[in-house]
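>>> Mind looking at a prediction? Sequence and model below.
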Amino acid sequence: MTVVIGTRGSALALAQTKLVASRLGDDVEIRVLRTAGDRSERPIRTLGDGAFVATIEEALLRREIDVAVHSLKDLPTAERDGLLIAAVPEREDPRDVLVTTSRGGLASLPEGAVVGTSSPRRAAFLRALRRDAMTREIRGNVDTRLRKVREGEYDAAVLALAGLRRLGVAVDEGEILDAHVMPPAPGQGALAVQCRADDRALRARLAHIDDPDTHVAVRAERALLAALGASCTLRLGTLARVENGAVRLAAAFAVGEEIIRFEGSGPDPDSVAAAAARALSASFLDGPTVVLTRDEEDDRELAGDLRGLRARVLIAPCIRTEPLADRIALARAIGDAGADDLVVVTSRAGAVAIGSCGAELRAPVGAVGWSTAEQLRAIGVSPRFVARSPSAVALGRELPLPRGTVLLARSDRATGELPAILRERGARVREEVAYRTVVGMTGEIGSVRDVLASGVLPVVVFASPSAVEGFVKEIGLSALAHARPVAIGPTTARRIAELADLVATTARSPDVFALTSAVVAASREREERVLVDTH
């Protein structure tokens, strides 16, 4: 009887499946299935666990296939009812590779490089290695990602060494990242061979390709992941091995800008995973309510990080943007800008406004950050310059000044910080309102009120002075005075101080890592103050 193996259709998935098929014998047929993850163009971090395996598992349960081959790191830690991992063959090298344009490894990564990765784990540990580097979402198969680096769309990309080797892509030893500084994902480099739990004959056949030591090692890694929340958004790296009958496990967990580490051994995978989980989870927030005052799209990654740390997250945007009723002045300003000028866009709303004003854009464009740059690309504009950090200060200091005029297309409530920095550098600046910012709170307002009424002091993260004003307008000044405010930067912190005579915890930079660290610090700072006051 022919054994039908189901797999995804990517070159890597097929290569991995052929490795398994070659060890099972000649009576094997490979069947390609298209998963939800393959069909979606959304960022991988938003797809949820199991996006690349659910379709294959369902085909297995319907008996359309007999065996499924997965990259083990794609498989949710909770096994599907009726299915089991019958074999984990010997593992390929689990380390990661940094592929740069010059193929020179980490040493060849330029200052302020844009590195492609869809992994929160890789982004966090690369940030720890190189604070100047920026990580950006990248989609596509291995060939596509390598091409994007070769063509300069990214300065580098982080890829799994196992995948590159299985595809026959040559890798120099200097490109491989050490497993201590870039710990791999749980199960990385290993394959999961899955079948129906009631198929005893096939289970016995698959047992012959199982590597017991690899199976035990990845069981420890996956048990740790499960204990910490089993989310693909966790910035967790771990690697286990079996030595002299004991399981040795190293793990690292990124909490904002801080790396928490564990190394230990135990007699079995579950006990060593439990010890690691106890050590790493001591850094969790465990309970505080955090109010995010931007919309869900802007704060998606931060919300994921905080939920992974077991915080209760409420989304309550304190500002919203509206298009101008009269766009004639904006259209005229855009139309007047020529090749010697530079149009600077400071938000996604600004990019949308430029795209809808009806003027022909002939001048080059600069963007405040990657999100704004992506919105510009969505309207067919490729920015010439993108600031390394999404802040007015970074943009003002880094912007290459044109021979002509810098046209700032931004909100009617924008601060004077950016034009002041540019004029101080000698730029000719023209300011034009591109959209309106309306101060006012939306989203989970009732839940925020309930938290405050219960006596809980929430951490509130503000990304602009206008957001502070929106919170005060809806919830009240006394609520701000009794909250634990976190400011995205010094301008926002000053507005909090002006309104509430309160020192906010200020993020060191306006990115998700620094903001997470600031939230953790704000949460713990108030706990220490309460303890001192009690004594």
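Structure received.

>>> Where does pLDDT dip in the chain?
35-51, 525-535 (pLDDT under 70).

>>> Could you state which residue of it sits nearest its centroid?
With distances taken as CA atoms, centre = their mean, P120 lies nearest the centre of the chain, 4.1 Å away.

>>> what's the closest non-adjacent residue to that residue?
Spatial nearest neighbour of P120, excluding adjacent residues (CB to CB, 6 or more residues apart in numbering): R235 at 4.9 Å. In this view, the C-beta of every residue, glycine as well, is placed from N, C-alpha and C.

>>> which outside residues touch stretch 262-278?
216-217, 219-221, 223-224, 227-228, 238, 240, 243, 245-252, 279-280 (CB atoms under 8 Å, 6 or more residues apart in numbering).

>>> hmm, 7 Å instead?
216, 219-220, 223-224, 227-228, 246-251, 279-280 (CB atoms under 7 Å, 6 or more residues apart in numbering).

>>> Of those residues, which is the nearest to G9?
R219 (28.7 Å; CB to CB).

>>> Surely that closest one is within a helix?
Yes. With DSSP: H, G, I helix; E, B strand; the rest coil as the criterion, R219 is part of a helix.

>>> What is the neighbour count of it?
Residues lying near R219 (other CB atoms under 10 Å) number 20.

>>> D501: what's its closest spatial neighbour, skipping adjacent residues?
D501's closest residue in space is A481 (CB to CB, 6+ apart), at 7.7 Å.

>>> where along the stretch 51-200 of the chain do the strands fall?
Along the stretch 51-200 of the chain, counting by DSSP state E, counting those that start in this stretch, strands occupy 67-71, 83-87, 96-100, 114-116, 134-136, 156-160, 191-196.

>>> hang on, the earlier thing: state the helix or strand in which the residue nearest to D501 lies.
Here A481 is covered by helix 477-482, with elements defined by DSSP states H and E.

>>> That helix - contacts with which helices or strands?
Contacts defined by 3 or more CB pairs under 7 Å, 6 or more residues apart in numbering; DSSP states H and E place helix 477-482 against helix 490-500.

>>> Can you list the buried residues in the helix it packs on?
Of the residues in helix 490-500, 491-493, 495-496, 499-500 count as buried by neighbour count, 16 or more other CB atoms under 10 Å.

>>> got the contact list for that helix?
415, 417, 462-465, 468, 472, 477, 480-481, 485, 487, 502-504, 506.

>>> any idea which helix or strand comes after that helix?
Counting by DSSP H and E, what follows helix 490-500 is strand 505-506.

>>> From the contact counts, what lies against that next one?
In terms of contacts (3+ CB pairs under 7 Å, 6+ apart), strand 505-506 is packed against helix 512-534.

>>> how about a cut-off of 10 Å?
Using 3 or more CB pairs under 10 Å, 6 or more residues apart in numbering; DSSP states H and E, the elements in contact with strand 505-506 are strand 484-487, helix 490-500, helix 512-534.

>>> who does it pair up with?
Looking at strand 505-506 with DSSP bridges, its partner strands are strand 484-487 (parallel).

>>> Reformat the strands of the stretch 51-200 of the chain as TSV; add distance to S10.
Shown next, in TSV, are the strands of the stretch 51-200 of the chain (distance: least, CB to CB, whole Å):
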stretch	distance to S10
strand 67-71	10
strand 83-87	21
strand 96-100	18
strand 114-116	17
strand 134-136	21
strand 156-160	13
strand 191-196	14
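
>>> JSON lines for these, including mean neighbour count and distance to A339?
Formatted as JSON lines, the strands of the stretch 51-200 of the chain follow (neighbours: other CB atoms under 10 Å; distance: least, CB to CB, whole Å):
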{"stretch": "strand 67-71", "mean neighbour count": "25", "distance to A339": "48"}
{"stretch": "strand 83-87", "mean neighbour count": "20", "distance to A339": "60"}
{"stretch": "strand 96-100", "mean neighbour count": "26", "distance to A339": "32"}
{"stretch": "strand 114-116", "mean neighbour count": "22", "distance to A339": "25"}
{"stretch": "strand 134-136", "mean neighbour count": "22", "distance to A339": "28"}
{"stretch": "strand 156-160", "mean neighbour count": "25", "distance to A339": "31"}
{"stretch": "strand 191-196", "mean neighbour count": "24", "distance to A339": "54"}
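
>>> that older thread, buried residues, the helix holding A481. List them.
Residues of helix 477-482 classed as buried: 479-480 (neighbour count, 16+ other CB under 10 Å).

>>> Using PDB, list the CA coordinates for that helix.
The C-alpha coordinates for helix 477-482 follow below in PDB (Å, rounded to 0.1, in the frame of the first residue of the first chain):
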ATOM      1  CA  LEU A 477      -6.300  64.900  34.800                       C
ATOM      2  CA  SER A 478      -6.500  63.100  38.100                       C
ATOM      3  CA  ALA A 479      -6.400  59.800  36.300                       C
ATOM      4  CA  LEU A 480      -3.200  60.800  34.500                       C
ATOM      5  CA  ALA A 481      -1.700  61.900  37.900                       C
ATOM      6  CA  HIS A 482      -2.400  58.400  39.400                       C
END
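
>>> can you give me the offset of that helix from its chain's centre?
On the basis of CA atoms, centre = their mean, to the nearest Å, helix 477-482 sits 32 Å off its chain's mean C-alpha point.

>>> Run through who's touching it.
448-449, 451-453, 455, 457-458, 460, 462, 468, 471-472, 476, 496, 499-502, 504 (CB atoms under 10 Å, 6 or more residues apart in numbering).

>>> Filter the residues you listed down to the buried ones, PyMOL style.
Buried members of the contacts of helix 477-482, defined by 16+ other CB under 10 Å, are picked up in PyMOL with:
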select buried, resi 448+451+452+457+458+460+462+468+471+472+496+499+500+504
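
>>> partner strands of the helix or strand harbouring R241, parallel or antiparallel?
In the assignment (DSSP H and E), R241 maps to strand 236-243. Within its sheet, and counting by DSSP bridges, strand 236-243 is paired with strand 246-255 (antiparallel).

>>> Buried residues, the strand it pairs with. List them.
Using 16+ other CB under 10 Å as the test for burial, strand 246-255 gives 247-255.

>>> roughly how far out does that strand sit from the chain middle?
Taking CA atoms, centre = their mean, the mean C-alpha location of strand 246-255 is offset from the chain mean by 21 Å.
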